[in-house]
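Q: Starting from these lines, generate the structure:
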Amino acid sequence: MELAPNVPATLVLDYRTALRIFNDPDHFPADPRTWQQSVPADSPIRPMMEWRPNAQHSSGLEHTRYRQALTASIEGIDLHAMHSTIEQIATPLIHSFAVDGAADLVSQYAFPIVFETLNRIVGCSAELGRRLATGMAALFDTVEAERGMKMVSEALRELIALRRDKPANDVTSRLLHHATNLNEEEILAQLISFYGAGIEPQRNLIANTMLLILTDSRFAGSVLGGALTTRDALDEVLFDDPPLANFCATYPRQSILIDDTWLPAHKPVLISLAACNNDPATTSGDRTGNRSHLAWGAGPHACPAKSVAYLIAQDAIDQLLDALPEIRLAIPAEQLVWRPGPFHRALTSLPVTFSDTPQCRCTHAKAPHRAAGG
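A: Reported below is the predicted structural model:
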């Protein structure tokens, strides 16, 4: 396949092959530096994939060092407090469009709730966060990707300077003060990775799961009725319609034969998470409660923020369904438009309508049949 004009890559469609690659960093390192020497600087794919001193793009001792700092910064997040944080963000958002009887769940709900939640986790101001979000969208769409990376880097450098002077209980401050003594470039790279994994995929996970709930009769009746949890809906999307459809690039150290196919040295091998999750050789029947999907990756590079991501998406959806139980899709699903880009599975919008006055309250208990999946 081609990721961009004259940028060849191999796409893995087989579940077991993907696991083999995920768990073999010696033969399939994540470091792209040799590869990117052959890629033009203005290639739209390069800003998304080029090397940075972070866990995502490193191997061996470098990866261990970066992973320790990133994991420690994430483990410092108070997951119990996150429930209240998400409710505080969700309630005014829902009230802001409730009187209209209609909304776009991507721009008016999924994006702002993820955006504000991540800003609080990272210790970022709203103004810096807006620049970050715009830059990340350009990277994932591979449209003006170089400009997008510049926006992201400039905003995060300002955040690092702020938290160096005024540390707080947030991811940035914990990275700055971790025992691995990361320098500014390394901290910048960890934050780029964190925001890259947090804004676009998280927004798409919420939107894609709401689309499933609104269009699939098993969920449209069952989530509200108690037979299936929001977590079941999330996991089905992570199987069938993951927010990152193709990603997790590795670069073989030398040519290697895999499944009767020669993979050339130092050329990207991407995992089609969507295809591998639906490999007929490994999937069959009802997958309710099955979390063997590869949407979070696997092996030493598996997502370290999985618990945080699940919590944000589940709480955001629960808040919306609690407040607007009669919510429905405003247009036929086949008329929805998906954004460009080889990596993500992202709606441009998700228009909905609803007739009931919202039931949301400043403080209320979660519906137990949905919270059970947490």
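Q: just the helices in the stretch 201-350 of the chain please.
A: Secondary structure of the stretch 201-350 of the chain (DSSP state H, counting those that start in this stretch): helices located at 217-225, 230-240, 273-277, 306-323.
Q: so how far is residue 97 from the closest residue to residue 282 other than its chain neighbours?
A: Distances taken as CB to CB, 6 or more residues apart in numbering place residue 15 nearest to residue 282, at 4.4 Å, with adjacent residues excluded. The C-beta positions use only the backbone N, C-alpha and C, and glycine is treated the same way. Using CB to CB, to the nearest Å, residue 15 is found at 40 Å from residue 97.
Q: more crowded one of the two?
A: Comparing residue 15 with residue 97 by other CB atoms under 10 Å, the one with more neighbours is residue 15, at 21 against 18.
Q: For that one, give me its contacts.
A: Contact partners of residue 15, counting by CB atoms under 8 Å, 6 or more residues apart in numbering, are 276, 277, 279, 281, 282, 283, 294.
Q: nearest to residue 122, of the helices of the stretch 201-350 of the chain?
A: Residue 122 lies closest to helix 306-323 among those, at 11.6 Å (CB to CB).
Q: List the buried residues of the closest one.
A: For helix 306-323, burial by neighbour count (16 or more other CB atoms under 10 Å) applies to 308-323.
Q: State the helix or strand in which residue 82 lies.
A: Secondary structure assigned from DSSP states H and E places residue 82 in helix 79-98.
Q: Show me what the very next helix or strand once past that helix is packed up against.
A: Using DSSP H and E, the helix or strand that follows helix 79-98 towards the C-terminus is strand 102-104. Strand 102-104 sits against strand 351-353, with contacts defined as 3 or more CB pairs under 8 Å, 6 or more residues apart in numbering; DSSP states H and E.
Q: Can you tell me which helices and strands the strand it packs on packs against?
A: Contacts defined by 3+ CB pairs under 8 Å, 6+ apart place strand 351-353 against strand 102-104, strand 328-329.
Q: what's the most buried one of these?
A: Across these, averaging neighbours per residue (mean count of other CB atoms under 10 Å) puts strand 102-104 on top, at a mean of 18.
Q: Go through the buried residues of helix 306-323 and say which is closest to residue 87.
A: Nearest to residue 87 among those is residue 319, at 6.2 Å by CB to CB.
Q: residues near the residue lying closest to that closest one once chain neighbours are set aside, how many?
A: For residue 319, ignoring the flanking residues on the chain, the nearest one in space by CB to CB, 6+ apart is residue 90 at 3.9 Å. Neighbourhood size, residue 90 [other CB under 10 Å]: 24.
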